[in-house]
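Student: Here's my sequence, what's the structure:
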Amino acid sequence: MNRFAELLDRLVLTPSRNGKLTLLVDYFRSVEDPDRGLALAAITGDLNIAAVKPAMLRTLVTERMDPVLFGYSYDYVGDLAETVSLVWPQTPGHIPNREPTLGDVVAKLQAASRSDGPKVLAGLLDSAGISARFAIIKLVTGGLRIGVSARLAKQALADFGKVDVAEIEELWHGLTPPYIELFAWLEGKADKPQKTALALFSPVMLSNPVGDGDLEKLDPADYAAEWKWDGIRVQAVCEGGVRRLYSRTGDDVSGAFPDLAEAMNFSAALDGELLVGEPAATGTFSDLQQRLNRKSVTPKIQQQYPAFMRCYDALQIDGEDLRALPFAERRKRLETFIKTLDPSRFDLSPFVEFPDWQTLEELRRAPPHPIIEGVMLKRWDSPYVAGRPKGPWFKWKRDPHTVDAVLMYAQRGHGKRSSFYSDYTFGVWSGPEGAEELVPVGKAYFGFTDEELKQIDKFVRDNTVERFGPVRSVRADRKQGLVLEVAFEGLNRSTRHKSGVAMRFPRISRLRWDKPTAEADRIETLQALLDR
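Tutor: Residues are numbered from 1 along each chain as shown. Predicted structure coming up:
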């Protein structure tokens, strides 16, 4: 267990991608089965421990220490697992017979019922040191927050076994923890696991952003253009009666979209964009968010926000793998196939006709629909290959909107940022002249450099006027405060926010130390953007 705890500690403190990959590969190489497979499952979110919930953990720790003291400690540290692991009282004179393995811990937790889960967890925490306690708590809460995505973990597996990550992704949904067959293959001790499961995920083909000078080297006649819709990229796969809807990272999201899955009565693998509403009246991303991150949805939600798929490409039709064919041929096959599907659930992404790059740029700047976020360029002769090859596909997004807003609240971050105020709520001015007030319009926690983070953190500490647990309210009026230039992709109307608006992908693009707070933007600026 201590090996897993050490891995988590080092991953949290290692900012670079390559550094994290090295740590993971070394762990897979030095740790035996089943521990390394269980660690992998924990990192990718595929380890299920149902007997313990975070609320039970809070109850356990407040039974062992003063609740107020725990509250102060949690506010200061900012992370539940870290706080509990530090304050949990060690059993006097307790010396464990041996260090439990990760397999031992997972077996005990998975064997526990909901009623005896808290007792089992308490026993494990009593017998563990601080680092092991931290790891155990991360296991049961399910949110590791160590800066490692499932995709990065799969890349580490590929590096460990010296194979292409696409091979890992194609096998993934047919495997189960602790992945003993997978590791045996990667170590050269066994043959590659057979793809026996149906409706497996295929690694998606990704695009590169259009950079300065890129289009000058390209012939417009070599490329097709499509609108880039503001939904989520999905893959609809149906094989042998098994229906699965995957996100672009290979997560099975079928449970959140049963209405779309029910209409997948075909034998194919289609690539496209998941949207809500109707093909002729597409809803906003805010509408789509009503369906996202749900394990199940009510009939009312399905009726209010029906899901459909705007299809871009066909990877497989009637058992035939089409990925090696040029895009022009795959598109023709898709155009024919989509006529056989329910038109309320599946439609075809239309082409954008353009004679030259200047014409396409004008169309990109003023698309015909508010939820279009740019255009996609695809070479007519490009096969469908996994990853992000340079040249075949490009994305040319609209320029982001910007607004000057005033910092209002700051909250401590997590992981390596737990000692910094790194999550910022900002607002714009609202109300008649002479009685203006700031209304929050968004929250951002990225876009700034490490040096800028230190500068903002110092400002927050020097200008705090109120504290609300881990959140600080900072000085922000017409004469004092910090103006942030915020970039965002779009706006939606919102009844949940006092301002009436919600930003799409806000991030801090610049610190405006030079700008007086009184000159920050007003809510009317955002309302006018919504009206347009």
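
Student: Can you report how many residues lie near the closest residue to residue 444 other than its chain neighbours?
Tutor: Take residue 444 and drop its neighbours on the chain: the residue closest to it by Cβ to Cβ, 6 or more residues apart in numbering is residue 506, 4.6 Å away. All C-beta spots, glycine's among them, are computed from the backbone N, C-alpha and C. Residues lying near residue 506 (other Cβ atoms under 10 Å) number 26.

Student: show me where pLDDT drops low in this structure?
Tutor: By pLDDT under 70, the low-scoring segments of the chain are 91-98, 414-416, 532.

Student: Apart from its chain neighbours, what residue comes closest to residue 210?
Tutor: With Cβ to Cβ, 6+ apart, the residue lying closest to residue 210 is residue 396, at 4.3 Å.

Student: Check residue 469 too.
Tutor: residue 75 (4.9 Å).

Student: doesn't residue 471 make contact with the one you found?
Tutor: No. Contact criterion Cβ atoms under 8 Å: residue 75 and residue 471 do not qualify, at 9.1 Å.

Student: Which parts of stretch 457-470 count as buried, going by neighbours?
Tutor: Across stretch 457-470, burial judged by 16 or more other Cβ atoms under 10 Å covers 457, 459, 460, 463, 470.

Student: got a list of contacts for it?
Tutor: 71, 74-75, 78, 407, 410-412, 420-422, 472-475, 480-482 (Cβ atoms under 8 Å, 6 or more residues apart in numbering).

Student: Just the buried residues from these, in PyMOL please.
Tutor: Selecting only the buried entries of the contacts of stretch 457-470 in PyMOL, with 16+ other Cβ under 10 Å as the criterion:
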select buried, resi 74+78+407+410+411+412+420+421+422+472+473+474+475+481+482
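
Student: Let me have the buried residues of stretch 457-470 in JSON lines, extended by distance to residue 121.
Tutor: Listed next are the buried residues of stretch 457-470 as JSON lines, based on distance: Cβ to Cβ, whole Å:
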{"residue": "457", "distance to residue 121": "35"}
{"residue": "459", "distance to residue 121": "40"}
{"residue": "460", "distance to residue 121": "35"}
{"residue": "463", "distance to residue 121": "41"}
{"residue": "470", "distance to residue 121": "24"}
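
Student: of all the residues you listed, which comes closest to residue 33?
Tutor: The shortest approach to residue 33 among these belongs to residue 470, at 39.8 Å (Cβ to Cβ).

Student: From residue 131, how far off is the closest one?
Tutor: Distance from residue 470 to residue 131, counting by Cβ to Cβ, to the nearest Å: 23 Å.

Student: do residue 171 as well
Tutor: Separation of residue 171 from residue 131 (Cβ to Cβ) stands at 33 Å.

Student: Give me the more crowded residue out of those two.
Tutor: Taking other Cβ under 10 Å, residue 171 and residue 131 do not tie; residue 171 has more neighbours (21 against 16).

Student: Domain parsing of the protein, as residue ranges.
Tutor: Taking automatic domain parsing as the domain assignment, the ranges for the chain are 2-141, 208-397, 401-531.

Student: and these as a markdown table, adding distance to residue 148?
Tutor: A markdown table is the format used below for the domains of the chain (distance: least, Cβ to Cβ, whole Å):
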| stretch | distance to residue 148 |
| --- | --- |
| domain 2-141 | 6 |
| domain 208-397 | 13 |
| domain 401-531 | 11 |
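
Student: which stretch among the ones you listed comes nearest residue 190?
Tutor: So among the domains of the chain, domain 2-141 is nearest, using Cβ to Cβ, at 12.1 Å.

Student: Could you look up the SS state of the residue nearest to residue 469?
Tutor: What DSSP: H, G, I helix; E, B strand; the rest coil gives for residue 75 is helix.

Student: what do you get for residue 19?
Tutor: Here residue 19 is recorded as helix under three-state DSSP.

Student: Next, the buried residues of the strand or helix carrying residue 358.
Tutor: Residue 358 belongs to helix 357-365 when assigned by DSSP states H and E. Buried residues in helix 357-365, counting neighbours by 16+ other Cβ under 10 Å, are found at 357, 360, 363, 364.

Student: what's the helix or strand for residue 514?
Tutor: Under the criterion DSSP H and E, no helix or strand holds residue 514.

Student: And it, how far from residue 458?
Tutor: Using Cβ to Cβ, residue 514 is found at 17 Å from residue 458.

Student: Spit out the contact partners of the most centrally placed residue in the chain.
Tutor: For the chain, the residue nearest the mean C-alpha position is residue 149 (8.4 Å; Cα atoms, centre = their mean). For residue 149, the contact set (Cβ under 8 Å, 6+ apart) comprises residue 249.

Student: hey, what's residue 502 bridged with?
Tutor: Applying DSSP bridges to residue 502 gives these bridge partners: residue 492.

Student: Is it in contact with residue 494, as I believe?
Tutor: Yes. Using Cβ under 8 Å, residue 502 makes contact with residue 494 at a distance of 3.9 Å.

Student: Going by neighbour count, which residues in stretch 518-532 are buried?
Tutor: 520, 521, 523, 526, 527.

Student: That should have said stretch 229-241, apologies.
Tutor: 229, 230, 231, 232, 233, 234, 235, 236, 237, 238, 239.

Student: if we compare the domains of the chain, which one ends up closest to residue 164?
Tutor: Nearest to residue 164 among these is domain 208-397; the distance by Cβ to Cβ comes to 7.8 Å.

Student: Can you give me the first-to-last residue distance of the closest one?
Tutor: 11 Å (Cα to Cα, to the nearest Å).

Student: before we move on, what about stretch 341-352?
Tutor: Stretch 341-352 has its terminal residues 23 Å apart, counting by Cα to Cα.

Student: Verify the stated contact: residue 407 with residue 476.
Tutor: Yes. Residue 407 is within contact range of residue 476, at 6.4 Å (criterion: Cβ under 8 Å).

Student: what do these two both touch?
Tutor: residue 482.

Student: Please tell me how far the helix holding residue 358 is from the chain's geometric centre.
Tutor: Its chain's C-alpha centre lies 30 Å from the corresponding centre of helix 357-365 when counted by Cα atoms, centre = their mean, to the nearest Å.

Student: hmm, who's touching it?
Tutor: Residues outside helix 357-365 that contact it (Cβ under 8 Å, 6+ apart) are 215, 218, 220, 225, 352, 354, 374, 375, 396, 398, 399.

Student: Right, I'll call it a day here.
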